[in-house]
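S.K.: Just the structure for this:
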Amino acid sequence: MNRNTVNYRGVFVPVIFILLVIVFLLYSFYPRMDVQGATETLQMQGYTEITITDWRWFAGGCSKDDWYHTGFKAIAPTGQSVTGVVCGGKFINTIHLD
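M.R.: Residues are numbered from 1 along each chain as shown. Presented below is the predicted three-dimensional model:
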């Protein structure tokens, strides 16, 4: 064996592992909003003048199982201007007001 040859065999697995961890973390923290689902949910509950504002990382009232945290500003059925978040998972969306 040539003395100038470098052995990279032991480096391959840790590098792949680190890359997979980085990809997983980037995907986990990627903001997920359901603009259409949030708008439909708010309209079905009687909200008007709906404006989708942002993605909410720490959305009050959302459970750990909710995939989407979509912020909004709208006029409630009572006529008041409100802000809040629509939390959503696979099957249902829930509205939480600030």
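
S.K.: And the strands in this protein, which stretches?
M.R.: With DSSP state E as the criterion, the chain has strands at 48-55, 68-75, 81-88, 93-97.

S.K.: Parallel or antiparallel, list what pairs with the shortest one.
M.R.: Taking DSSP bridges as the criterion, strand 93-97 pairs within the sheet with strand 81-88 (antiparallel).

S.K.: Compute the inter-axis angle for the partner strand and strand 68-75.
M.R.: 160 degrees (axes from the mean of the first three to the mean of the last three C-alpha atoms, to 10 degrees).

S.K.: Tell me which residues of strand 81-88 come out buried.
M.R.: Neighbour-count burial for strand 81-88, counted by 16 or more other C-beta atoms under 10 Å, picks out 84-88. C-betas here are computed from N, CA, C, even on glycine.

S.K.: for stretch 87-98, same thing?
M.R.: For stretch 87-98, using 16+ other C-beta under 10 Å, the buried residues are 87-88, 93, 95.

S.K.: How about stretch 24-44?
M.R.: Buried, per 16+ other C-beta under 10 Å, within stretch 24-44: 33-34, 38-39, 41-42.

S.K.: List the contacts of it.
M.R.: With contacts defined as C-beta atoms under 8 Å, 6 or more residues apart in numbering, stretch 24-44 is touched by 50, 52, 54-55, 57, 67-70, 72, 74, 86, 88, 93, 95.

S.K.: Mean pLDDT and distance to residue 16 for the strands of the chain - can I get that in a markdown table?
M.R.: Formatted as a markdown table, the strands of the chain follow (pLDDT from 0 to 100; distance: least, C-beta to C-beta, whole Å):
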| stretch | mean pLDDT | distance to residue 16 |
| --- | --- | --- |
| strand 48-55 | 90 | 31 |
| strand 68-75 | 92 | 31 |
| strand 81-88 | 92 | 34 |
| strand 93-97 | 89 | 38 |
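
S.K.: could I get those as TSV with distance to residue 14?
M.R.: TSV is the format used below for those (distance: least, C-beta to C-beta, whole Å):
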stretch	distance to residue 14
strand 48-55	33
strand 68-75	34
strand 81-88	38
strand 93-97	42
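
S.K.: For stretch 37-50, measure first residue to last.
M.R.: Distance between the two ends of stretch 37-50: 12 Å, counting by C-alpha to C-alpha, to the nearest Å.
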